[in-house]
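# how would this look folded up:
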Amino acid sequence: MVTPRRTAAALLLAALVALLGVVPDAHGAIVPDYQNSPTSTNAFDGLISGTDLVNAGQPSFSSVVSTVAPLVFPLPQINDGAGGSSGAFWDGSRLPTTVTFTLDTGINLGGYDITQIRSIAGFSGNGQAQSNQGFELLTRAVGAGSFVSHGQFDNVPFTPGSGMPAQASTMTTLTDSTGVIASGVEQVRMVLIDHGYSSGTWDGSFYIEVDIDGAPTAAAPVIPVSSYVYDGSGPGSQPSTSPAFPDTSGIELTDGLFPTSTAFGDSRWVGFRDDPPPGPGGISHPQVTFDLGAAHELDGALIAYLHSTTQAGGTITAPEEVLLSVSDDGASFSTPVSFTAEFDHSGGDQVRSAMLDLSGFTGQYVRLDFHNSSQWTFLTEVSFTGSPATAVIPEPVTAVLVTLSLAGLVRPLRRRIAERT
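Just a heads-up that it's a prediction; the model follows:
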């Protein structure tokens, strides 16, 4: 039976986590740059981008939401690529608030490398009060169950004693000493903080624009899947898929085609219904076994699924757990490993993806057992990354021992032959 093999890097990481209680940061240090203008609201308009990752209309941009609505001006003006008086204003009573930008991972499954974040604040009328800004920056990687904080950044150059001219602005630019703030990112979150200074009439911050620059994260080599079967049955059999949402061609989980919407009726969804046989469907806990054609050292797995709170009475949900095991021969499988935190059950209708870390797993066959107590589970794509497994070559000492052992066997054999002759 094949058992997961932990790499040296994985063992080191586990040791650091156990001893220090922290995960080492793969990147360097955030480098903040704080600038301000005490005389102009539009001093930094020329630096606003209309093509950054979260600019409205860009294919990489999916949505922006805030936990508290702005007092005036709509939230979408915070990423519309415009300057001047376009933006969103939160007064002190509405701060702190959380603004979350979601990137489209349907076109870039591995997420995005974030290289720069720029926030511009300012207003005419109470400029030096509402130009001050402060926020905590967090990111969430594709498939991660939680956000990672990168620190709090305060650009507060103006105080009540500075005269409070009518027009002013500030600009906070964040980069990283390695060039990349975070990799594989699906969401960027800013927790906007009340800086505490007031013009006497208005306090809070007026955010003119937030730009997030970066590029798609380079994808690891995808392993071509030779075939897959459901519930351990023969090729082409689909005992667990619902008749209404079948895997008609037997390749829909690995054809690289995604649904064009969140509507469960899209033909690219494969649906599993919680109706035990002989009900109209199978069960919503399918087991799928993938044949990778040859043994591979695995890096990760991507599972794209549907989570919907508005369709089918809210009974289409993300998997609650996936059990993963590997095998060399398709018969004897390793002890299943559970993945739960990678699946997102929050929010509304979305095509979502979970990234499973498979570092240290080696095998030709990968088995996934999906567990879900909801009525429906909908999947669209499953893929694996990694590289062909390399043959184990004996170490020099081992080779010497083997040679000596063979020599020890040869000498008695020669002696017997000599005695007979």
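
# what does stretch 104-114 contact?
53, 59-62, 103, 139, 141-142, 180-186, 188, 212-220, 258, 302, 304, 351, 353, 355, 383 (C-beta atoms under 8 Å, 6 or more residues apart in numbering). Bear in mind the C-beta positions are built from the backbone N, C-alpha and C, glycine included.

# for this protein, longest strand please?
Criterion DSSP state E: the longest strand present in the chain is strand 287-307.

# could you give the mean pLDDT of it?
Strand 287-307 shows a mean pLDDT of 93.

# in stretch 326-343, what counts as buried?
326, 327, 328, 333, 334, 339, 342, 343 (16 or more other C-beta atoms under 10 Å).

# Just the endpoints, please. Distance across it?
21 Å (C-alpha to C-alpha, to the nearest Å).

# Show the backbone phi and psi for residue 318.
phi -60, psi 150 (degrees, to the nearest 10).

# I'd say it and residue 347 touch.
No - counting by C-beta atoms under 8 Å, residue 318 does not reach residue 347; the two are 10.3 Å apart.

# In space, what's closest to the residue most central in space within the chain - neighbours in sequence excluded?
Residue closest to the average C-alpha location in the chain (C-alpha atoms, centre = their mean): residue 142, at 0.5 Å. Excluding the flanking residues, the one nearest residue 142 by C-beta to C-beta, 6 or more residues apart in numbering is residue 111, at 4.1 Å.

# count of neighbours near the one you found?
For residue 111, the count of nearby residues is 26 (other C-beta atoms under 10 Å).

# ok, now how distant is it from residue 184?
Remark: distance between residue 111 and residue 184 (C-beta to C-beta, to the nearest Å) = 4 Å.

# got any residues that touch both of these two?
Shared contacts of residue 111 and residue 184, counting by C-beta under 8 Å, 6+ apart, come down to 141, 142, 217.

# so the first one bridges to which residues?
Which is residue 141. Residue 141 has these beta-bridge partners by DSSP bridges: residue 185.

# That one contacts residue 188, doesn't it?
No - Residue 141 is not in contact with residue 188 according to C-beta under 8 Å; the separation is 11.0 Å.

# Comparing these two, which residue is more hemmed in?
residue 188 (27 against 20).

# For this structure, which segments count as helices?
Under the criterion DSSP state H, the chain carries helices at the ranges 8-20, 127-130, 396-420.

# Residue 231: neighbour count?
For residue 231, using other C-beta under 10 Å, the count is 17.

# just checking, it touches residue 272?
No - with contacts defined as C-beta under 8 Å, residue 231 does not count as touching residue 272, sitting 10.6 Å away.

# Leaving out chain neighbours, which residue sits closest to residue 169?
That would be residue 122: by C-beta to C-beta, 6+ apart, it lies 2.8 Å from residue 169.

# Tell me who's in contact with that neighbour.
37, 40-44, 130-131, 167-170, 206, 208.

# Would you quantify the distance from it to residue 355?
From residue 122 over to residue 355 (counting by C-beta to C-beta), the distance is 38 Å.

# Check residue 100 too.
From residue 100 to residue 355 the distance is 19 Å (C-beta to C-beta).

# Give me the more crowded residue out of the two.
Taking neighbours as other C-beta under 10 Å, residue 100 and residue 355 compare with residue 355 leading, 22 against 18.

# give the contact list for that one.
110, 141, 142, 143, 144, 184, 300, 301, 302, 342.

# how near is residue 332 to residue 301?
20 Å.

# wait, I meant residue 167
Relative to residue 301, and taking C-beta to C-beta, residue 167 is found at 53 Å.

# go on, residue 73?
43 Å.

# more neighbours, the two?
When residue 73 and residue 301 are compared for neighbours, residue 301 comes out ahead with 25 against 16, by other C-beta under 10 Å.

# The more buried one pairs with what?
residue 356, residue 384.

# you'd agree it is up against residue 359?
No - with contact defined as C-beta under 8 Å, residue 301 does not reach residue 359; the gap is 11.2 Å.

# Point out where the stretch 101-250 of the chain drops to low pLDDT.
125-127, 160-165, 198-202, 232-243 (pLDDT under 70).

# can you give me the strands in it?
Secondary structure of the stretch 101-250 of the chain (DSSP state E, counting those that start in this stretch): strands at 112-124, 133-141, 148-155, 167-176, 182-192, 205-216, 227-230.

# and those strands as CSV, adding distance to residue 78?
Shown next, in CSV, are these (distance: least, C-beta to C-beta, whole Å):
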stretch, distance to residue 78
strand 112-124, 9
strand 133-141, 12
strand 148-155, 16
strand 167-176, 14
strand 182-192, 10
strand 205-216, 5
strand 227-230, 44
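
# Could you point out which of those strands sits nearest residue 310?
strand 182-192 (20.9 Å; C-beta to C-beta).

# As CSV, could you dump the C-alpha coordinates of the closest one?
What follows is strand 182-192, C-alpha atoms only, in CSV (Å, rounded to 0.1, in the frame of the first residue of the first chain):
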residue,chain,number,x,y,z
ALA,A,182,1.4,37.5,-1.9
SER,A,183,1.0,34.7,-4.5
GLY,A,184,-2.0,32.6,-5.5
VAL,A,185,-4.4,35.3,-4.3
GLU,A,186,-8.1,35.1,-4.8
GLN,A,187,-9.2,37.9,-2.4
VAL,A,188,-7.7,41.2,-1.1
ARG,A,189,-9.2,42.7,2.0
MET,A,190,-8.7,46.2,3.5
VAL,A,191,-10.0,46.9,7.0
LEU,A,192,-10.4,50.7,6.9
